[in-house]
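**Q** Here is my input; please provide its structure:
(3 chains)
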Amino acid sequence: MNTLTLWFHKFGSPPTFHRVTGLLIPWLFAAALLIGLVGLYGGLVLAPADYQQSDAYRIIFIHVPCAWMGLFAYIFMAVNAFIALVWRIKISEILAMASAPVGAWFTAITLATGAIWGKPMWGTWWTWDARLTSELVLLFLFLGVIGLYNAIEDRRQAARAAAFLGLVGIVNVPIVHFSVSWWNTLHQGTTVRLLGPSRIDSSMLWPLLLLALATHIWFFASVFARSRVSLLELEGGKEWARAIALGTEHGHE
Amino acid sequence: MNDFLAMGGYGAYVWSSYAIFALALLIDYITPRLRNRRVIAELRGRMKRQQRRQEKSA
Amino acid sequence: MRYGTTASACAAVIRRDLLLTWRRRGDALNPALFAIMVVVMFPLALGPEPNQLANVSVGIVFVAVLLAGLLALDNLFRGDHEDGTLEQVVLSPHPLSLLLGSKILVHWLSTALPLIVISPALAEMLHLPRSVMPVLIVALILATLLLSLLGAVCVALTIGMRRSGMLLALLVLPLYVPVLIFAAGACNAAQMGLPFLAPLLWLGAALALALVLAPLACAAALRISIT
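**A** Below is the predicted model:
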């Protein structure tokens, strides 16, 4: 066995995963917070106001990274779902299910901040724009996966059923986007074009990229934190889980 | 400072979106922690019950 | 022990399901009645103005048909799961996807076909222009077939649950979005005198894909649910 697969097997074993992520999580959260704060300082204080949108454009620094994260979370979930269904790796099942709520949160933030941004810029909280509608459908897909996972009694069967739904959903995402843009052009009278700077200045770009990095790190920290708990719950009968529950081995708690 | 909070008249919009962002991430941070505590308490309870049963049978 | 051919197994499934439907033929009318009730509610809520109703008629008909189909979907595997037939189907040596495809076909015939038959009446109640009617029927045939195929995959995932109604809606409706957009879009385009062929062709292409993939996905989902 080469070193990579060896590493994968080791990391994939529940006790090791639980221990390694326990060590990683505080650092990941701290890094996300620190990078995020630097990015926010750059975005809110250093970057100049936009000549068209004045200071309202500053919502972009959270809106766009969260929108990227919503998609990233879905792709991460689908990749893990695929691995879970094909090779039946327990960790992948758990990672896929842990990324659904985090992705749902990021998508919800995207929708909420988008609505708040839309009010002063377009004069309305909501418009049936192609991007908004696809984002809403993405949120529904996340909620469907979470709902199915919570509805089935047997945890592993629930994870595999929800993972399957996630895979069906990812086929759906581009189709939804395509169909919604087609539908939107049919009703062109009511379309409001997405404003925003077409050419973004570097003083605005670097805070945006820093915040995107921070949200990515946050995503992994949160997914790992959720996965650890699910793993502990799933493996409750095993020796290592009992040792942790008794406090002979300390987690990050 | 007041200028900064006013955000060129868009203060209410900008700060409310940042508040939502912070609040959502805070909830996202807290929920697994609370669940972890619950799961560990449950595990401990189960182990205690098991032990008591074994003592009774012994 | 010798097994029959796959074709004869599918034929047996179709014959059995059709017979079951025939024995409980009153139930087959329920989706149609439900759709009529939904459509009746709209003029009561919106007002009887014919022009106003005509503007939204396509949307109402499609949403009514979609909701009726959603309610009927829950029964696709329920009876067979409760009496154990479904497990026998899963265990049979024939390709599960083909057997499930036959079941989906019968389900479509017994629930969606009555809806399509009454759809001209629904459209007439909402003052949809006559000229749109053929497009509506074609779009409905394509859309209901797609809805049955996509819905079957989701039903297979929720099979073990006692009450799956609300959850099923949450799983299925995001998948229905593109179908609804293209089907209703074709009719709306026809109503406005615009070319309507492209969305219908897209639906047809999607149907060709779903006919092949959905039974396979449905079989995989069922294998996950029944273990």
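**Q** the helices in chain A, which residues?
**A** Per DSSP state H, chain A carries helices over the ranges A:3-12, A:14-41, A:60-87, A:90-122, A:130-151, A:155-186, A:202-234, A:239-246.
**Q** what number of residues lie near residue 22?
**A** All of this refers to chain A. Neighbours of A:Gly22 under the rule other CB atoms under 10 Å in any protein chain shown: 18. Bear in mind the C-beta positions are built from the backbone N, C-alpha and C, glycine included.
**Q** I was thinking of chain B, sorry if that wasn't clear
**A** Applying other CB under 10 Å, we find 12 residues neighbouring B:Ala22.
**Q** What are the phi and psi values at the residue nearest to C:Gly165 when sequence neighbours are not counted?
**A** Leaving out its chain neighbours, the residue that sits closest to C:Gly165 by CB to CB, 6 or more residues apart in numbering or on different chains is C:Asp74, at 6.2 Å. As for C:Asp74, its main-chain torsions (degrees, to the nearest 10) stand at phi -60, psi -30.
**Q** ok, C:Asp74 - contacts?
**A** For C:Asp74, the contact set (CB atoms under 8 Å, 6 or more residues apart in numbering or on different chains) comprises C:Val155, C:Ser164, C:Gly165, C:Leu168.
**Q** got it, and A:Leu136?
**A** With CB under 8 Å, 6+ apart, A:Leu136 has these contacts: A:Leu111.
**Q** if I look at it, how far off is A:Pro101?
**A** The gap separating A:Leu136 from A:Pro101 is 17 Å, by CB to CB, to the nearest Å.
**Q** quick one: least confident of the contacts of C:Asp74?
**A** Lowest pLDDT among the contacts of C:Asp74: C:Ser164, with 71.
**Q** shaky segments in chain B?
**A** Applying pLDDT under 70 to chain B flags residues B:1.
**Q** I meant chain A, not that one.
**A** Low-confidence segments of chain A (pLDDT under 70): A:1-2, A:4-10, A:51-52, A:185-200, A:248-253.
**Q** Contact residues of it facing chain B?
**A** A:29, A:44-45, A:49, A:54-56, A:58-59, A:62-63, A:66, A:101-102, A:105, A:108-109, A:112-113, A:116-117, A:119-120, A:218, A:222, A:225-226, A:228-229, A:232-233, A:236, A:241-242, A:244-246, A:251, A:253 (CB under 8 Å from any CB of the partner chain).
**Q** Are any of those buried, and if so which?
**A** Neighbour counting by 16 or more other CB atoms under 10 Å in any protein chain shown classes A:29, A:44, A:55-56, A:58-59, A:62-63, A:66, A:101-102, A:105, A:108-109, A:112-113, A:116-117, A:119-120, A:218, A:222, A:225-226, A:228-229, A:232-233, A:236, A:241-242, A:244-245, A:251 among the residues of chain A next to chain B as buried.
**Q** Nearest to chain B among the contacts of C:Asp74?
**A** When the contacts of C:Asp74 are compared for distance to chain B (CB to the nearest CB), C:Ser164 wins out at 25.2 Å.
**Q** Quick check: residues of the stretch 101-250 of chain A near chain C?
**A** Contact residues, the stretch 101-250 of chain A versus chain C (CB under 8 Å from any CB): A:137, A:140-141, A:143-144, A:147-148, A:151-153, A:157, A:160-161, A:164-165, A:168-169, A:172, A:175-176, A:178-180, A:182-183, A:186.
**Q** In PyMOL, select just the buried ones from the residues you listed.
**A** The PyMOL command for the buried members of those (criterion: 16+ other CB under 10 Å) is given here:
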select buried, chain A and resi 137+140+141+143+144+147+148+151+152+160+161+164+165+168+169+172+175+176+179+180+182+183
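**Q** How about chain A: which residue is closest to chain C?
**A** Residue nearest to chain C within chain A: A:Ser179 (3.8 Å; CB to the nearest CB).
**Q** Setting aside sequence neighbours, what's the nearest residue to that residue?
**A** Counting by CB to CB, 6+ apart, C:Pro178 is the residue found nearest to A:Ser179 once chain neighbours are left out, at 3.8 Å.
**Q** Could you report the distance from the most centrally placed residue in chain B to A:Ser222?
**A** Of all residues in chain B, the one closest to the mean position by CA atoms, centre = their mean is B:Ile30, 1.5 Å from it. For B:Ile30, the distance to A:Ser222 equals 11 Å [CB to CB].
**Q** what does A:His63 give?
**A** Taking CB to CB as the measure, A:His63 falls 19 Å from A:Ser222.
**Q** Repeat that for C:Ser148.
**A** C:Ser148 sits 38 Å away from A:Ser222, going by CB to CB.
**Q** and what of B:Leu34?
**A** Separation of B:Leu34 from A:Ser222 (CB to CB): 14 Å.
**Q** Please apply the same query to C:Pro120.
**A** As judged by CB to CB, C:Pro120 and A:Ser222 stand 53 Å apart.
**Q** tell me the contacts of A:Leu95?
**A** Residues in contact with A:Leu95 (CB under 8 Å, 6+ apart) are A:Phe76, A:Asn80, A:Val223, A:Ser227.
**Q** just curious, which of these is nearest to C:Val90?
**A** Comparing the contacts of A:Leu95 against C:Val90 with CB to CB picks out A:Asn80 as the nearest, at 26.4 Å.
**Q** Hmm, the closest one is touching A:Ala96, no?
**A** Yes: between A:Asn80 and A:Ala96 there is a contact under CB atoms under 8 Å: 3.7 Å.
**Q** For these two, work out which one has more neighbours and name it.
**A** A:Ala96 (29 against 23).
**Q** Tell me, please, the helix or strand in chain C that averages the lowest pLDDT.
**A** Scoring the helices and strands of chain C by mean pLDDT, DSSP states H and E places helix C:25-28 at the bottom, with a mean of 80.
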